[in-house]
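>>> Return a 3D structure for these sequence lines:
(2 chains)
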Amino acid sequence: MKRAKIPAVELPSPSTAILEQERKVLLELGNDITRVREKNDLLTLFKQRIKGLFYISHTIVTLIDYKDETYTPFLLDNEGSPIRSHARYQEMVRSHFSLNEPFIQAVLRADGPISFLLEDIMDKPQSPPFLRVNYEKGVREILMTKLMKEGKPLGFIHTYTDKPEGFSDEFRSVMKGIAPQLSSAVSNIIKNEEVLKKEKEKSFLLDFSSDIATVRTKVELRRAVGAAIRKLKQKSGYVIRRINEDGTTMSPYIYDLGIQQHDQKIINALEQARYLINDGLQDRVLNSPIPLLLNVEREIQRGITSTYLQNWKAMGFRNFVGIRLRNGEANLGILLLEIEEINVQLLQGICAQISIALANIIANEQIIRTQDEQAFLLKFSNDITQARTKLDLQNAISTVLDKALHTKLSMIRVIDDDGIHMPAFMYDSTLFTKAKVDFDKMMANPITIGEIYTSQVLASKDGLVFNVEEELKSGNAYAKLWKTTGLKNMYGLPLRVSDKNIGTIWLLADRLSQLLLKGICAQISIAIANIRANEKLVAYKKQLEVENDYLKEQIKTIYNFSEIIGGGDQMQKVYRLMSLVADSNTTVLVLGETGTGKELIARAIHNASPRKDKLMVKVNCAALPANLIESELFGHERGAFTGAIDRRIGKFELANHSSLFLDEIGELPLEAQAKLLRVIQERELERVGGKQIIKIDVRLIAATNRNLEEEVKAGRFRADLYFRLNVFPISLPPLRERVEDIEALTHFFVQKYSRNTGRKIRKVAPKVIQQLRSYTWPGNVRELEHLIERSILLATDGTLDDVYIPQPAETERPGQAYLLNRSLEEVERGYIIETLKRCTGKISGAGGAAEILGIPGNTLHSKMKKLGISKSDYFA
Amino acid sequence: MKIVVIGGTGLIGTKVVTQLRQRGHQVIAASPATGINTVTGEGLAEAVNDTDVVIDLANSPSFEDKAVMEFFETAGRNLLATEINADVKHHIALSIVGVDVMQNIGYMRAKQVQEDLIKKSGVPYTIIRSTQFFEFLAGIANQAADGNEVHLSDVQFQPIAADDVASFVAKFALAAPVNGKVEIAGPERFKMYEIVARYLQHSNDPRKVVPNDKPAYYGGEIAHTALVPAGQAELGAINFEQWWSKQLQ
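Numbering: from 1, shown residues only, chains lettered A, B, ... in the order given. Predicted coordinates:
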C-alpha cells in the first residue's frame, strides 16, 4: 500500500512551556467544544478559535454512510474555503466518496490525525477528486482527523493549508487532543438535528391536524392541504384523486400545479378526466401501504398509457410520490405529490389526516345528497298526490325521472283485473325514437305476468338490473331495442301496494340511485293504484247516472207526471193525452175551470218535451193592459212609441226554441188576437216599430177557463185563432168530478204547508176527509189548497181534525132579512141566476138549469126574458 | 451495477455486500440501522431508486408465528412495490429448502408467503432455497436441550457454511434471473443428531445428544427428508471441519 507521508510519527519532545501552552489551548478549546450544539457553533469554533491560534486555510467535516460505505460532506466552511470558486465545487459538495480506496483506508487505519501532501496522492487512480480540486485552488496539504463514535469511525475532519511548510506540530498535537471532543460534538450535532427534525415534523403534523380538523368542505380541504404542502416544499404541485362512484375510475378532486404556468387546455383535460383505477400506476399506489416514488418517464416507458402521464411530461413534472388515501380498510383515493424524497412518517401522517378529512367530506356530501334526494321525493310525493289522471301522473313521473335520475321512463305495465295480462299503462315513446318500428312491434306483443323478464322482476325484492350488453349476448329480444338508446342498464322494478304486485316499471339508465328509485317506485305504485281506483269510480258513477236516468224515465212513464197529484180515471186520461202530445211541437189548448191546475199541466207538457232545457215563458193575457199587449208579446224597437226608450224583446222571441204559455187566452182583446194568429201561422214576427222579420220556433200552450166555442159564437174570440189553438185540447176535470183524488191532494197539501209553516201535522182525521169529499169545490184544487193552508194554521195539535168549509147556511144568513123583504119576482130572478151560474150558463139539456129547476127549457127561456136575465147576470 | 442488499448488515448480508463490493459494484447495505426499513418503508424508495438488483436477506426480528408472518408479508409487499416502481431488473431472495413441505411450522408458512409474493409480483426473480447454516448448530442444540441431554432425531441434515451461502447469493445476483427457485446445500449429508453431536464435541460442550426417531424442527414435526434438497442442488465448498477450523481463527 502506498503510504502517505506521516510527519506526526516522530515528534520532537516539546518543552514544558509549550506543553503548558498546549494544555491551556486544549482546555479552552475543550470548553468551547462542549458548548457546540449545532453546525454553526462548530464552524464558529474553527473560524474564530482555531484559526486564531494556528494557520489553516479551511476546514470541512465529512460523515461516513455505512449503507454504501461512503463519506460525504456534512459541514462546509462557506467563507474560508478557496475551492468555492472551483467549477467542480457543487459536485464535490454532493458527492459520496468511497471508503474503499487507499487514501481513506490509510486515514481509517491511522491512530491519530494524518496529513498528506496533495501533490503526492491526488492523482492516484482511486483517490477522491476533492484532493485535486483543492490542489488546483492552491491548497498544498491536508490533515485528516478521524471522528469516532462507539468505537466505530463516524467521519472525518479535513483541514487544509496552502502554506508550503504545512501544519505545525503543535496544531497536529492539538487536533489529536481535541479529536474525541470533536467526535462527540459532531454526534451531538447529528442527534440534535435529528431531534429538531422530528420536532419540526411533529409540530408540522400537529398544525396540519388542527387545520384539517376544521375541514368540512372541498374548498377548506384544498386550502389546508395547499398550506401544508407549501410548508413542506415551497413549490410542489400535487393532486388528490378520488375514487368515483363507479368504483372503477378516479378523478382529480383537488390539485395545485405548483408555481409554474401551464397550458389551460391540458389543465382542463386533466381536470375532467376519469382515469381507470387499474391503469398499472394508480392501482399500484392504492395497493402499496408505503408511499411510492414514481418517475414520469419511467412509467411511460413501462407502457402505462394513462393520458395524465403524457400531460405531466408535457408540463415538466418528473418525479412524484404516490400515496394511497384510505379510511380504515376502504381506499378513498390517492395523493400524488411532486417531491423527490420520501419522508415516510411525515407523508403517512399527512395522508392519514387527509383521508379522515376526505372521508368526512364524503360522508357530508352523502348526507347532503340524501337530504336532497329526500326533499326531491317529498316534492315528487306532493306532485303525485295531486295526480288524478294518467296525464297528471305521466307529467309528474317525467319530471322526477328527468330531474332526479336524469333518465326517461321506458315503460310502466299494470296487471289487469284478470291478474294475468299486463297491458302498457304508460311509456315515453321519445326514448325509442331511433327504433320506432321495433318499438311499435314490441308494443304489440301482449305481455303476461309469466313473461320471463317480468316474472323475474315481480319475484324480486327490490327489482333487477339487466346489463344491456350481457342481455344482448344472451339473446334477449328486448335488448336490441334497449341498445338503440345507448344506455347501459335496464332497471326493472316491481310496483307494489302493500306487498301486492300491481305492475312493473322499466327504466333505462347508466346508473340509478337505489334509494331514490325505491322511493319513487313506492309513490308511483300508490299513484297508479289511486288513478285506477279513480277510473273505476268514474266508470261506476257514469253507470249509476245512466241507470238513474233510465229509472227516472220509467218512473215517468208509470206515474206520468210526478208533480201532479191524482191517480183517478179522469186524471189518467189527462196524463195519457199529455204523454201523447209532449214530444211533438203541437199547440196544446188546456181547458178547465179556475183552480184546476192548467198552468201545472202546461209546465208538465213543457218539461216532458225536448224543449225542457229552456225556460218556459208564461204570459197572462188577462193581466196585460190592452195597449201594451202587442209590445209585450212581440217586442218593440226603440222609439216605436212614446215611452219606448229602449229596444225590447217580446215574449215570443224570449220563448224561441222553448214553449210559450198563453194563460187566460180567452181574455185576449180581438186586435191582439189577429196579430197572434199571424205569428202562429207564419212562425215569424215583427217587433213593434221594427221592419225586420224575425223567424221564431215556439211551441204554444194556451189555457183558458172560458168556453171558447161560445166566445167565438159571441164574437169575442176569433174563430180562425180558435181553430189554430184548438189543435190538441186537454180538458181538466173539476175537483168535484174527481172526488177520489181529494184524499191524496189533501195529504199533499197538509205535508206542504206543515213544512212551510213549521207545524207538524201528522194525521188527517177521517171525518175531515169525509167533509172534504162532500163539498162541491167551486174553486177546485186551488180552493182545496187554500182551505188546507188555513186549516193548518188554525190546527192546535198534530192532527188535522177540523176544516173550515164555507157553510152555505152562513152565506145565506145575512141575506135572510134581505130575502124576507123581497118580492116573489125578485126571489125567482135571483134563484134562476144562481142556478144558471152553477150550470155555467147552460139553460136546457142534461145538466142545464131548466132540468135543475124542474121546468122545460122553453119555459125557462121565457121566464128569463120576462125577468130580464141576461148573460151578463150569470157570467159576472 | 447498483445492488441493494436488504438485511445487508446481517450474517449473510455483510458477507454478500463485501463480496459484491470487492467485485466493484455499488452496493447499498440496507437495514433499519442504515436508515432503510422495509416494514415502515423508510428510506426504501430512495435506496432502491435506479437499482438493478435487490437481494432480500432480511429476517424477522421476532420468531413468534404471527409476527413472522406479518414481517415477511409487509416487508415483501413493500419491497416488491418499491422495486416495481423503480424498475428493478432482478430480485433475489433467500429461502429455505423444504419450505413448502413444512407448512405446519409458522416460520415456514411466512417464508412461503414471501416466495409467493415474489412469484406474483412480476419482478424477474431468483429464489435461493438454502439448507440450514453451520452457524445454526448451536441454536439447534439449545432448543432441543433438556438439562444435560439434547434430544434430536435422525432427520436428514445437510448444513452449509454462511460464507458459501454468501458466495452463492452473490453469484446468482450477478447472473440472469432464473424466475424460479434454485437450491443450495452443504457438501455433506448427516443425520441431525450426528452433526450436532459432533459440533458439541468440537466445542467441548458437556451436553449429550440423545437420538430419537421423531423427526422435528423447531418443535414442528417434519418428514425425514424435508430439510435436504430433493433434486439437484448446488453444493457449498466448505465442509464441517473446514468451517470449524475457520471458527477457531
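>>> My guess is residue A:118 contacts residue A:136. True?
No. Residue A:118 lies out of contact with residue A:136 (CB atoms under 8 Å); the separation is 9.4 Å. Where C-beta positions appear, they are placed from N, C-alpha and C, glycine not excepted.
>>> With neighbour numbers in mind, choose between the two.
Ranked by neighbour count (other CB atoms under 10 Å in any protein chain shown), residue A:118 and residue A:136 place residue A:118 first, with 20 against 15.
>>> what residues are up against the closest residue to chain B within the stretch 501-650 of chain A?
Closest to chain B within the stretch 501-650 of chain A is residue A:511: 32.3 Å, counting by CB to the nearest CB. By CB atoms under 8 Å, 6 or more residues apart in numbering or on different chains, the residues touching residue A:511 are A:245, A:246, A:488, A:489.
>>> Of those, which is the nearest to chain B?
residue A:246 (25.3 Å).
>>> Work out for me the element the closest one sits within.
Taking DSSP states H and E as the definition, one finds residue A:246 inside no helix or strand.
>>> by contact count, what packs against the longest helix anywhere in chain B?
If you go by DSSP state H, chain B has its longest helix at helix B:65-86. With contacts taken as 3 or more CB pairs under 8 Å, 6 or more residues apart in numbering or on different chains; DSSP states H and E, helix B:65-86 sits against helix A:282-287, strand A:292-295, helix B:44-48, strand B:53-56, helix B:106-121.
>>> Which secondary structure element of the chain has the lowest mean pLDDT?
Defaulting to chain A. Ranked by mean pLDDT, DSSP states H and E, the weakest helix or strand in chain A is helix A:808-820, scoring a mean of 50.
>>> Please refer instead to chain B.
strand B:216-217 (a mean of 81).
>>> what lines up beside that strand in the sheet?
strand B:220-221 (antiparallel) (DSSP bridges).
>>> correct me, but residue A:316 touches residue A:261?
No. Assessed by CB under 8 Å, residue A:316 is found out of contact with residue A:261, at 10.6 Å.
>>> Give me the more crowded residue out of those two.
residue A:316 (12 against 8).
>>> tell me, how many neighbours does the closest residue in space to residue A:798 that isn't next to it in sequence end up with?
Nearest residue to residue A:798 in three dimensions, chain neighbours excluded: residue A:762, at 4.8 Å (CB to CB, 6 or more residues apart in numbering or on different chains). Counted with other CB under 10 Å, the neighbours of residue A:762 add up to 11.
>>> Surely residue A:762 touches residue A:795?
No. Look at residue A:762 against residue A:795 with CB under 8 Å: they stay out of range, at 10.9 Å.
>>> Contact partners for residue A:282?
Per CB under 8 Å, 6+ apart, neighbours of residue A:282: A:241, A:250, A:275, A:276, A:306, A:334.
>>> Tell me the one of the residues you listed nearest chain B?
Distances from chain B to the contacts of residue A:282, taken by CB to the nearest CB, are shortest for residue A:334, at 13.4 Å.
>>> dump the residue contacts of that closest one.
So residue A:334 contacts A:240, A:241, A:250, A:282, A:285, A:286, A:322, A:323, A:324, A:325 (CB under 8 Å, 6+ apart).
>>> In three-state terms, label the closest residue to chain A within chain B for me.
Of all residues in chain B, residue B:41 sits closest to chain A, at 2.8 Å by CB to the nearest CB. For residue B:41, the assignment made with DSSP: H, G, I helix; E, B strand; the rest coil gives coil.
>>> Surely it and residue A:290 touch.
Yes. Between residue B:41 and residue A:290 there is a contact under CB under 8 Å: 2.8 Å.
>>> So for these two, which residues contact both of them?
Contacts common to residue B:41 and residue A:290, judged by CB under 8 Å, 6+ apart, are A:344, B:78, B:82.
>>> ok, back up a step: what does the least confident helix or strand of chain B rub up against?
In contact with strand B:216-217 (CB under 8 Å, 6+ apart) are residues B:102, B:105, B:153, B:155, B:222, B:226, B:227.
>>> can you rerun that using 7 Å?
B:102, B:105, B:153, B:222, B:227 (CB atoms under 7 Å, 6 or more residues apart in numbering or on different chains).
>>> what's the pLDDT at the closest residue to the second one other than its chain neighbours?
If the residues on either side of it in the chain are set aside, residue B:105 comes closest to residue B:220, at 3.7 Å by CB to CB, 6+ apart. As summarised for this prediction, residue B:220 has a pLDDT of 81.
>>> Show me what residue B:220 bridges to in the sheet.
residue B:217.
>>> Is there a neighbour count for it? I'd like the number.
Per other CB under 10 Å, the neighbour tally for residue B:220 reads 15.
>>> Next: residue B:35.
15.
>>> wait, it sits on residue B:43?
Yes. Judged on CB atoms under 7 Å, residue B:35 makes contact with residue B:43 at a distance of 4.5 Å.
>>> What are the phi and psi values at residue 246?
Since you didn't name a chain, this refers to chain A. Dihedral pair for residue A:246: phi -70, psi -10, per degrees, to the nearest 10.
>>> Switch to chain B, please.
phi -70, psi -30.
>>> which stretches of the chain aren't confidently modelled?
With no chain named, the answer covers chain A. Within chain A, the stretches falling below the threshold (pLDDT under 70) are A:1-15, A:234, A:434-438, A:550-563, A:807-821, A:876.
>>> Can you name the residue of it nearest to chain B?
Closest point on chain A to chain B, by CB to the nearest CB, is residue A:290, at 2.8 Å.
>>> ok, now which ones touch residue 181?
I'll assume chain A. A:30, A:33, A:34.
>>> hm, I was asking about chain B
If you count contacts by CB under 7 Å, 6+ apart, then residue B:181 has B:127, B:129 around it.
>>> Now it. Its backbone dihedrals?
According to degrees, to the nearest 10, residue B:181 has phi -110, psi 150.
>>> so residue A:147 sits in a strand?
Yes. Residue A:147: assigned to a strand according to three-state DSSP.
>>> Bridge partners for it, pull those for me.
residue A:155.
>>> Test my guess that residue B:229 contacts residue B:183.
Yes. Contact criterion CB under 7 Å: residue B:229 and residue B:183 qualify, at 4.3 Å.
>>> Common neighbours of those two, please.
In contact with both residue B:229 and residue B:183: residue B:97, using CB under 7 Å, 6+ apart.
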